[in-house]
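Visitor: here's a sequence, model it:
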Amino acid sequence: EEEEDDEEPGRRKKHAYQTSGPGDAHIVSHLHFIYQRTLKKFKYPIDVVLNYAQFARDFKSFHMMSRIYAEGLQHHPREEGLWIEAASFEFFGYVAQDYEN
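Guide: Numbering: from 1, shown residues only. Reported below is the predicted structural model:
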């Protein structure tokens, strides 16, 4: 038997899982905690700093991005790529059209 599609056009189909829920904020904050512990334990390796900054950008944690760049630059003041990324973030900041859905 075929199931009829009773949904209105323009409405999304429901999945068996949620893409965003109340526990997601806790998971993201826990990942921030893990990154912070990793940075402190291994003395801020540049690849982890850049990976953490990308993670924060992907999850729209812009306050944390400022902190990540500030701490990263304190430990790596001669790293040109980090300076460029930090300056780009500070200059352009949060651009809404880049982060929509």
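Visitor: please identify the buried residues of the longest helix anywhere in the chain?
Guide: The longest helix of the chain (DSSP state H) is helix 24-41. Neighbour-count burial for helix 24-41, counted by 16 or more other Cβ atoms under 10 Å, picks out 28, 32, 35, 39. Placement of C-beta: from N, CA and C, glycine included.
Visitor: and that helix, what other elements does it pack with?
Guide: Helix 24-41 sits against helix 46-58, with contacts defined as 3 or more Cβ pairs under 8 Å, 6 or more residues apart in numbering; DSSP states H and E.
Visitor: the helix it packs on vs helix 24-41, what angle?
Guide: Here helix 46-58 runs at an angle of 160 degrees relative to helix 24-41 (axes from the mean of the first three to the mean of the last three Cα atoms, to 10 degrees).
Visitor: which is the next helix or strand following helix 46-58?
Guide: As assigned by DSSP states H and E, the chain's next helix or strand after helix 46-58 is helix 62-75.
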